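Colleague: dropping the sequence and predicted coords here.
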Amino acid sequence: MVKKYEYYYNSTPDFGLVRNNLIYTSLIAIDKKTFIQWYYNDSGYHKNQNEVVDPSKMEEKWKREVKFLSLMIENYPELVSNMIEFDHKERKIYHAIDGVDFWQQSLDANCSFDDILPDWQDQMLNIIKAHKKLGLYKFSMHPSSYFIVNGKLKSINYFFTYSSSEGPISIADHSSHISLNRQKEIRKHTDQLGIRWDDLQSLDLLERICWDSFRTNYPKIFIERVINELS
């Protein structure tokens, strides 16, 4: 039986339906058992708010997703989503999931992350430690970048990842696919530090700024644990 898929949006109390991702097109099976990252700029999904319209940029993001997700699968298969397959021709990645993403589960139940998964902090820190051991700087760390499968967090979204051999990079070169709300949070910290978005910055500094910008998405105690781990 052929599975049926639909666009996947996050349903939020403040903004209603919002795109699950600003770069690729998110698809989910009707039975919520498969999620697809489709590296295609689908106008129907993005509703004329398309961030990445340059085909070469989309190709670059696809290659990063494949490269770094594959590296995680090779070294830490238990920490990433149970992948069904890479479809290189269609630029699709199929993930076996068990319901909507981690963030959406908390939104649907109107509860905290602790209520959804009591040990989520330790699990997420293990994923961050794995990135550090592999020399990866992953900047897409929103709680929607995780699914829960059999009680375990599974990490996706490696399109915004750099290896320690890359960089420095500028924020401006990536602002097209950073949400406006996230940009506001980032500016609070860059303005305080006197950092210009056009200037090249080290990956270590940008990683710290990135996590500071997520203080509105995660509890303070978790952010402090992350920063301590990255120090």
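Modeller: Yep, that arrived.

Colleague: make it CA atoms for all contacts and neighbour counts henceforth
Modeller: Fine.

Colleague: now for the closest residue to Q183 other than its chain neighbours, how many residues are close by?
Modeller: In space, and not counting its chain neighbours, Q183 is closest to S175: 7.5 Å by CA to CA, 6 or more residues apart in numbering. The local packing of S175 (other CA atoms under 10 Å) involves 14 other residues.

Colleague: now S175, what's its secondary structure?
Modeller: For S175, the assignment made with DSSP: H, G, I helix; E, B strand; the rest coil gives helix.

Colleague: could you do I209 as well?
Modeller: Classified using three-state DSSP, I209 is helix.

Colleague: ok, now I36?
Modeller: Assignment for I36 (three-state DSSP): strand.

Colleague: gap between it and Y24?
Modeller: 10 Å (CA to CA, to the nearest Å).

Colleague: now I73. Nearest residue, chain neighbours left out?
Modeller: V80 (6.7 Å).

Colleague: got the contact list for the one you found?
Modeller: The contact partners of V80, by CA atoms under 8 Å, 6 or more residues apart in numbering, come to 69, 72-73, 153-156.

Colleague: turn the residues you listed into TSV, columns for secondary structure, distance to S106 and neighbour count.
Modeller: Shown next, in TSV, are the contacts of V80 (DSSP: H, G, I helix; E, B strand; the rest coil; distance: CA to CA, whole Å; neighbours: other CA atoms under 10 Å):
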residue	secondary structure	distance to S106	neighbour count
L69	helix	25	23
M72	helix	26	21
I73	helix	27	15
L153	strand	14	25
K154	strand	16	24
S155	strand	17	23
I156	coil	18	23
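
Colleague: in this protein, what residue spans correspond to strands?
Modeller: 5-7, 9-12, 16-19, 25-29, 34-38, 82-87, 92-96, 136-138, 146-149, 152-155, 161-163 (DSSP state E).

Colleague: and the pLDDT for the nearest residue to F139 once chain neighbours are set aside?
Modeller: Excluding the flanking residues, the one nearest F139 by CA to CA, 6+ apart is F160, at 5.6 Å. Note for F160: predicted pLDDT of 93.

Colleague: and if you look at the one 5 residues further on?
Modeller: Per-residue confidence at S165 stands at 95 (pLDDT).

Colleague: and for it, the neighbour number?
Modeller: Neighbours around S165, by other CA under 10 Å: 9.
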